[in-house]
Every structure is written in C-alpha cells, then in structure tokens.
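Participant: Give me a 3D structure for the following:
(chains A, B and C)
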Amino acid sequence: MPQPTLLSRITDFANRANPYPLYEELRAAPVLHEEEDGPYVLSSYFDIEALLHDPRISSDARNLAAAGDDELAGDETGGLPPSFLRLDPPEHDRLRRIANSAFGPPHRPRRIENLRGDMRQTVKELIDGFGDERRIDLVDQFAYPFPVTVICRLLGVPREDEPKFRGWVDPLVASLDPAAGQDTGGEFQKSAQEARMQLGMYLAGLAEQRAKEPRDDLLSDLVNSEGPDGAMTMMEVLSTSVLLLIAGHETTVNLITNGMLTLLRHPEVLARLREDPGLSVRIVEELLRYEPPVQLVPQRTCIADVEVRGVTIPKGSRIWLVLAAGNRDPERFKDPQRFDPDREDIQHLGFGSGIHSCFGAPLARLETQIALSELARRLENPRLVEDPPPYRQNAVLRGPRHLNIEFDGLRD
Amino acid sequence: MPADHLDWLRREGRIVVVGASLAGLRAAETLRAEGFTGSLTMIGDEPYEPYDRPPLSKGVLLGKASPLHTELPHRREIDAKWRLGVPATGLDLSAKRVRLADGDEVEYDRLLIATGVRARPWPKEDEARLDGVCVLRTREDAADLYRRLKAGPRRVFVIGAGFAGSEVASACREMGIEVTVAERAGGPLVGALGGVVGAVAADLAVENGVDLRTRVTVTSLEGDQAGRVRAVHLSDESTVEADVVVVSLGSVRNTDWLAGSGLGAGPRGIACDAGCRAFDFRGIVTDDVFVAGDVARSPHALFGYQFLSLEHWGNAVAQAETAAHNMICHGADRRPHLWMPAFWSSMFKVNIKSVGVPPMGEQIMIAQGSLAERRFVGVYGHKGRIVAAVSFDNTRWLEFYQRQIERGAPFPVEYPTVDRRPEGRQPVDAQFPDPSLPTHGPMVTMSGYSPADQQLVFHPARH
Amino acid sequence: MRLVVDLNKCQGYAQCAFLAPDVFAMHGEESLIYDPRAREEQRERLARAVAACPVQAITADGLEGAAGAEASAGMGAGDASDAR
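Facilitator: Reported below is the predicted structural model:
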C-alpha cells in the first residue's frame, strides 16, 4: 500500500485534534506538490503573505473549475451567482464595497460598535441559562447560539428560524471540507448545492419583505443599496447574504471554542483574564495566530506562472494557502508553538490578508473578546472533561464539535 | 575607531540632535534603545515637542484633529535635554560645537542633523506679507489656515498642485469653500507621478468642483488698502479674486545654518553616504556627523546609487533609526539606509500611495484596474525594469509591486494579473515633465551617480 | 493618549475605524483619518484598535494597563518637564 500523502493526512479526520505536527512537516517542504493533479500547498508565513497580495493569484471560482477542481467549484453554485469571496476584482471589489456600505465605515461606522450592548446581554443570558448545571457543552450551549444570535440580528434574520436554516447551513459548510464527499461521488456536492438554493430562497423571502419595509438591518441596506456602484441585483443580494450568514457564525463558533479550550489548557492565562478583562484583546489576537478558525484557503489558482522559492507553479495550478501553518512558522514568530498573549509581535494570518481579508473580522473580534472575558469571569474553577475534545469533520473550518466543561458554580 | 573609545562614547559620550521633529525623535529613541547612556541634547527651532505633520493638511483641515495636538507618541523614554524654540545657527566641525540663536554653544562627540525642510515662501516678500497669504508646514500654519477656512472665505487660491496643494484644495471643497488651483505643469501631481496619473488627479479635482488652472503661473498677488490679499494675477492675464492664498510651492531644505561650515550642505540638502554619515564639501565622508530625514540626500543601491532626497514620513523614520544605530556601533556593524521610497496622500476621498521612484520611470503601465474608475495600480518602468508603482484606492496590491522593484523585475509587466483591462495591455509614456523645466516640488529629486562623481564645488545656500 | 499611524503600512482594513469610531474614521474607501490625541474615555477602544490592526501600523502611548500598547513610557504628567 502506498504511503498516504501529507495532504491526505492533513484532511484525514483522525488528525483533526492536532494537525500542527503535520503543518511542521509541511513547512519542511514549503512548496509542496505531491500529486500531478493535486494542488500546490504553501505553508511558510512569508510565502502565504506574499501570495495573498499577488495579482497573479485568482479567487475566481471559474478559474478553479478550469483547473479541474469541479467538486470545490461546485459548492457555490446552486443557482446563485458566486459570492465576492469567490470572485476577483473588479466584480469582487464592487460587491464587497456595496456590502461594506451596509456594514461598516465610512457609511455605517457604528453598526458594529452599536451591537456591543446586545452582545453583552446575549452572553449574559446564555451564561445565566446554564442555571444549576455544573457540566455544559460549551459549543451547543454558548459558542454556537451566541454568534448565531448576533448575525441574525445584524442581518435581519429571525432568530427563531435558526432550526430551519441550520439544516441548509450544515451541508454547505461540510462541503467546504476538501475531504468531503470523496466516497459518495457527486451526491454530497449535489446536496450542498440544493442546500444553498434552499437557503437562498429562504433569504429571498426576507429580502422581498425588506425591499417593501426596510428596517435597521443589513439585509434592508443590501436590498436597497444605491450609490456610485449601483444596486446589487436580487441574486447578488442572496449570494452575499448566504455568505454573511454562514461566515458570520461558523467561524466564530470555532474561534470561541478554540479559545476556551486553549485557555483551559493554559490556566495561568485564564486566571489573568479573570482579573483583567482587557487581556482578552491580546488573547484573541494570539488565538487567531495559534488556533485560527480558518486553517487553510483551498480555493485559489494562479493565472500566470508564479515562482516561489525557486519552484515554478505553472499557470492554472490550484494553490492551497495553509494559514495555520504560516501562523506557526519559526521563520516569522519566535517560539511559535507557544500560546503567549504577551508576545510583542502577533501579526497573524488568522483573517487572511489582502483584498479577501475577513469581511467580518471586527465582529468576530468583539464577539470573542466579550465571550471569553465573561466566561473567564463567571465560571468558577472551570475544567475540561476530556482532552482532546471531539472535533468537527471539517479540516478547513476546524474546531471542536463539543466542548464539555465542568465548573463549580457561576459568579454574578 | 578603537573599541574602548566606542565603549566610552556609548557610556558617557555627548550626542546632539539638531531638529526635534519626527526624525530627531525616532533617532533619540533608537539611541536609547540600543544602549546609549551618555548625554543627549535635542535642539529644535519650534517651541514644541515633536509633533506629526501629515495630519496638518488632512485630518486637521477636515476638523478631525486639532492642529495643536498632533504630538508624536514616544516609543520609549529618551531622557534628553531639550533646547526647544532655539534654532541652531552654526556648526564648527573642528571644535565639534553647535551654535544656537541665543548665543549658547553645545559641544558634541556625535552630531545628528535632522533639520528637515520648511515651506517655500512666496518669492515676492511684500506680497508674501499680505494678510491671507499662507503656507502650510508647521502647526501654527495649520491653525492659522484652519481658522481662515472656518471663517468662510469667498474663495481660496492654491498656488501649486503638488500633494500638499491638492490636499488643501480637497479640504476646501469638503468644507464647501470655492477654490482655485494654479499649476505650472499640465496637471496636479505631474512632477511626482507624471502626466498620465496627473490627468486622473485633474479629473478628480474638477469633478469635485475645483477651479483648476494648468500651464499657468501666478505673476502677482494683489492686496487691498488694509493689507489683505484680494486677488491673484496669472500669467494668462486672468485675475482671480480670493481672500486666502495658500502658497504650496514645495519646500526649502533647512541647511542655511550650515553655510560655511565645510559640510556638503546646500539647497538640495546634505549629502551623506548610505550609512547616513555626512559628506564635507570636498566629498569626503565625516566620522561624527550624521544626517537623517527630509534634509538628507543619500545614494540608493536599488536606484543606480543615485542620491535621493525624500520628503517622506517613512524615510524620516527609517533613516533616523539607521543613523542612530550607525552612530553608536562598530564600523563593521553599520547598516546601509536601504528604505524603499514610499508615500501616501489622500484627496477627494481617494487614497493615493506609491512605492519606488516614479519620476525615474519613462513609461507607465496600468497593471490593474482602470484610470477612468480612479481605482488602479500603475507600474513605472525604466530601462526594462520596474522602478515604481502607484495606486489609487488599490493599496493592498502595492506590496507585490514593491517586491518586484526590490528584485529588479522586468518591465513591461508581461504576465496576466487580476483586473487587467484593455488599457493595461501596453505601456505608455508616463509623461513626466522635461526635467529642465521646474515644476512645483516633486517629492523626489535625483542627482549624481555615486559618491565618486561629486564635484568639489561648494554650493552656498540660495533662497 | 497620543497616537500615530504609519500610513505607509496602512492598507485600509478599517479595523480601527470599526473598533474605535471616535478616534479613527475612513475617508472614502481606504484612506484613514484619525485624531492623534485620543481622549481618556477612548482608552479601551484605542487598545482594541491598536491590537487589531492587521499591519500593526498604530503606535500609541499612555495606554498603560490596557492591552495592545506598543510602549507604555510616553509623556505623561511625570515627564512633561522632559520636554520643556
């Protein structure tokens, strides 16, 4: 039996709990190309950073399809046009500008700032909801419902519809995993496309309401966008909302859960956070380096020959950028395997960089800062029930499926 | 230098920094950070601790920042003796003394000159004295101009459409003030970025309501009986009534105080080697006088060892750090100042950034985006190499082109890039003005090819 | 609290403008303007902005005790005489 490739070991679920030794192997071959029709895998900080700003690298799903990666290209179709995540400029820039005009500065400079009170309240209610339980699943009882509540409010999606849209979101997110559906032929991707269409139709219903009766939410602003870039078409509104709804919580769940897991493994940092909630700011940045919720970007292609460290990546090749490997690159960070929120230099790749850098980054930051500082403050003597916890299947959006925690009581 | 002397210098030597602005402050911080424990004296002609200037023509005029509160944060304690509000008036190289305007003399073992530049005044002194004729360089200039703009002038007249002049015009339009801009060249920013990009800046200005007059010069400023400026006369024989005139004709390097000192200082700055050591007027490098910031002119290996004078914020910081390091280290540990020229500006809500030396380029290629949409990256080529790039609202791509410049990558850009439009398929003439015709204050000037080419000519300071 | 942004480094990610909207503002799509003298009540937000900058372009002093300050030295009341 042939030796499994390094890439297949990374996507192998058995290695999900700790892929970092594999990433170290990756960095030893910083431009890895194991199989003729496989991707080029980049894992050094400086190479990844450079390629994220390289105009010869395309994010356009159509280029990816041409590169022969039909399964990945397929995941965003489902009758909707690609979201800006899967487009290049100028289409990307136009859609992202319009989306941003509904979301942040300069047009909506306080939309996120104004959510801080709501976020605190939601966190308080969720922790109060633990009641007399002394053992909880942090994922199901906190890390999932919190960002879902926030993104619903922001976007204008009724919170009570969550059970409905969760059924569509789950297969969509699963389809982002490179290992997904390998055994099931096209069925898996087909169900993801079906889910995307269903989710789009659900959001279309809301969008039509907002077109008639705008409210103070993002969906209303997207539907009624007008400005130098013109309006989004209804289809563009839908693919943008699908993206924001999913990206708006699926990654934050992992950031919060990875965060609490890491703090429970570093009780001295947890103790400091309890005394000084301001430390959450640095903790979140270090988490984005140490346990980034998006581990790798598997959706890029190059539209010209690109030379990296003496290796020519031929035009049309697929490229994977393993952010989580770059984040622990000793060429860039001192003592990279150490979780150290005091490090002077935390210029991580956790949110990517360049034109596709995470759209929701400020929201994720605030949510996680509030979540971790409140958990640290209120849980008395919290401890892990099992380590490592069970993980989700996904190698890209990596995080625990459950995180069982025991504690002695709740502080006010 | 023998090691024991260096040890003594680092421990109890006397370092004097002339110029208490960005470069001076960052140099002082670096000296302390690298272990200098001797005495440190900071001499500045303005009576204020070091403050930041870029906000003066941007955030301050837009009302976002106070002109009186742009003091620079300190990166560390510097434990210096401050002599503020007292200009240096002379330098005795052999006695190692700086003379001050109040008659004092300060002795040094190592000297750093970071005296920067000042605004080039309107050359006719009687007209320059008219009430309402302004320049913009210091915080007092900014406070004065801001006060005049808030008073609601009928029209502001800006002489010179370089970056500073264009930024002032932009602020005026945001405040709803009528503004006329006169420029000797064919468009704004032409000296710094060439005519192709200048045409975009011109469209931007005109579309935002600026009355832009190009290929004209101002012949005179007219005052009323009370001594207030009331009109501007132009070389095309037109007259524009205005009650504020902003003279934005670039800058003058603050080297007058070095006249006759024997240092290689003149109107184009103080020549120094790549290690920031000043040349004397014979072209021989000095051992104990260093230069940093806007006033320095140093050879750059990436640009054919041409002597670059860069009025760039980032250059001041980087050169100050290099100079300070070299002032207190062994010869073998000296570093060259190899900073990649880079600057930013912002006008009419468009972010303009550049890397490299655009005026060195003969051709430009719009590698990404579109001039008409005012979102693009333009790449400049010189003798088959990429030497610079400029972006309008496209800054996230710029570091790619910076690496191309650093690697001497070929020009034109043959490979495809995302967002390449038909207009970007071929390079075109970048349309820099004939260097024999002066324009107003390009940000980069070049001269000479290597230290060996310096002529043994003493240039007295000119005004 | 004093601050300065290295606008050569700045790439307009706007994290600071999201997190401390009274200190930082986007002017157009990617140019940043800011108040170099932030008021005391902005301390917490300024610390968030400094730490969140993806290109680490913000230098602030006077952020002692708050996370993310590049330096805590600064020119507080104690060393104001230093500048006179």
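
Participant: Tell me which helix or strand B:Gly90 sits in.
Facilitator: strand B:88-92 (DSSP states H and E).

Participant: next one: that strand to chain centre, how far?
Facilitator: Taking Cα atoms, centre = their mean, to the nearest Å, the mean C-alpha location of strand B:88-92 is offset from the chain mean by 23 Å.

Participant: list the contacts for B:Ala119?
Facilitator: By Cβ atoms under 8 Å, 6 or more residues apart in numbering or on different chains, the residues touching B:Ala119 are B:Val135, B:Leu136, B:Arg137, B:Asp141, B:Val247, B:Ser248, B:Leu249, B:Ser251, B:Val252. The way it works is simple: take the backbone N, C-alpha and C, and place the C-beta from them, glycine included.

Participant: ok, the fifth one touching B:Trp122?
Facilitator: Yes - judged on Cβ atoms under 8 Å, B:Val247 makes contact with B:Trp122 at a distance of 4.6 Å.

Participant: Neighbour count: the two, which is higher?
Facilitator: More neighbours surround B:Val247 than the other of B:Val247 and B:Trp122, with 24 against 21 (other Cβ atoms under 10 Å in any protein chain shown).

Participant: The residue of the stretch 251-400 of chain B found nearest chain C: how many residues sit nearby?
Facilitator: The stretch 251-400 of chain B approaches chain C most closely through B:Lys349 (3.0 Å), counting by Cβ to the nearest Cβ. Burial of B:Lys349 is recorded as 17 neighbouring residues (other Cβ under 10 Å).

Participant: how about it, what does it touch?
Facilitator: By Cβ under 8 Å, 6+ apart, the contact list for B:Lys349 reads C:His27, C:Gly28, C:Glu29, C:Ser31.

Participant: could you point out the longest helix in the chain?
Facilitator: Just so you know, I chose chain A. Secondary structure of chain A per DSSP state H: the longest helix is helix A:234-265.

Participant: meant chain B, my bad for not saying
Facilitator: helix B:313-327.

Participant: avg pLDDT for stretch A:63-73?
Facilitator: Stretch A:63-73 carries an average pLDDT of 64.

Participant: contacting residues around A:Thr368?
Facilitator: Per Cβ under 8 Å, 6+ apart, neighbours of A:Thr368: A:Thr252, A:Leu255, A:Ile256, A:Gly259, A:Ser280, A:Val284, A:Leu287.

Participant: switch the cut-off to 10 Å
Facilitator: A:143, A:146-147, A:252, A:255-256, A:258-260, A:280, A:283-284, A:287-288, A:293 (Cβ atoms under 10 Å, 6 or more residues apart in numbering or on different chains).

Participant: Got the confidence number for it?
Facilitator: Turning to A:Thr368, the model gives it a pLDDT of 98.

Participant: ok, it to B:Gly191 distance?
Facilitator: Plainly put, A:Thr368 is 48 Å away from B:Gly191 if you go by Cβ to Cβ, to the nearest Å.

Participant: How about B:Asp280?
Facilitator: For B:Asp280, the distance to B:Gly191 - Cβ to Cβ - is 31 Å.

Participant: So which bits of the longest helix of chain A are buried?
Facilitator: A:236-264 (16 or more other Cβ atoms under 10 Å in any protein chain shown).

Participant: go on, stretch B:338-352?
Facilitator: Result for stretch B:338-352 [16+ other Cβ under 10 Å]: buried residues B:339-352.

Participant: Excluding covalently adjacent residues, which one is nearest to residue 6?
Facilitator: Using chain A. In this structure, A:Leu6 finds its nearest non-sequential neighbour in A:Glu25, 5.9 Å apart by Cβ to Cβ, 6 or more residues apart in numbering or on different chains.

Participant: right idea, wrong chain: chain C
Facilitator: Using Cβ to Cβ, 6+ apart and skipping residues adjacent in sequence, the residue nearest C:Asp6 is C:Ala57, 4.5 Å away.

Participant: pretty sure the one you found contacts B:Trp344?
Facilitator: No - counting by Cβ atoms under 10 Å, B:Trp344 is not a contact partner of C:Ala57; they are 11.1 Å apart.

Participant: Need the overlap of contacts for these two.
Facilitator: C:Asp6, C:Leu7, C:Asn8, C:Lys9, C:Cys10, C:Leu32.

Participant: secondary structure class for B:Glu140?
Facilitator: The local conformation at B:Glu140, judged by DSSP: H, G, I helix; E, B strand; the rest coil, is helix.

Participant: what sits against it?
Facilitator: Taking Cβ under 10 Å, 6+ apart as the test, what B:Glu140 contacts is B:Glu46, B:Pro47, B:Tyr48, B:Leu56, B:Pro67, B:Leu68.

Participant: so the nearest residue to A:Leu238 once chain neighbours are set aside is in which element?
Facilitator: Nearest residue to A:Leu238, sequence neighbours excluded (Cβ to Cβ, 6+ apart): A:Gly200, at 4.5 Å. Applying DSSP H and E as the criterion places A:Gly200 in helix A:187-212.

Participant: go on, B:Ala202?
Facilitator: helix B:195-207.

Participant: Could you check how far that helix is from the centre of its chain?
Facilitator: With Cα atoms, centre = their mean, you get 22 Å for helix B:195-207.

Participant: Next: stretch A:232-252.
Facilitator: Centroid displacement of stretch A:232-252 relative to its chain, using Cα atoms, centre = their mean, is 13 Å.

Participant: same check, this time on stretch B:110-125
Facilitator: Stretch B:110-125 has its C-alpha centroid displaced from the chain centroid by 11 Å (Cα atoms, centre = their mean).

Participant: Quick check: buried residues in that stretch?
Facilitator: So stretch B:110-125, judged by 16+ other Cβ under 10 Å, has buried residues B:Arg110, B:Leu111, B:Leu112, B:Ile113, B:Ala114, B:Thr115, B:Gly116, B:Val117, B:Arg118, B:Ala119, B:Arg120, B:Trp122.
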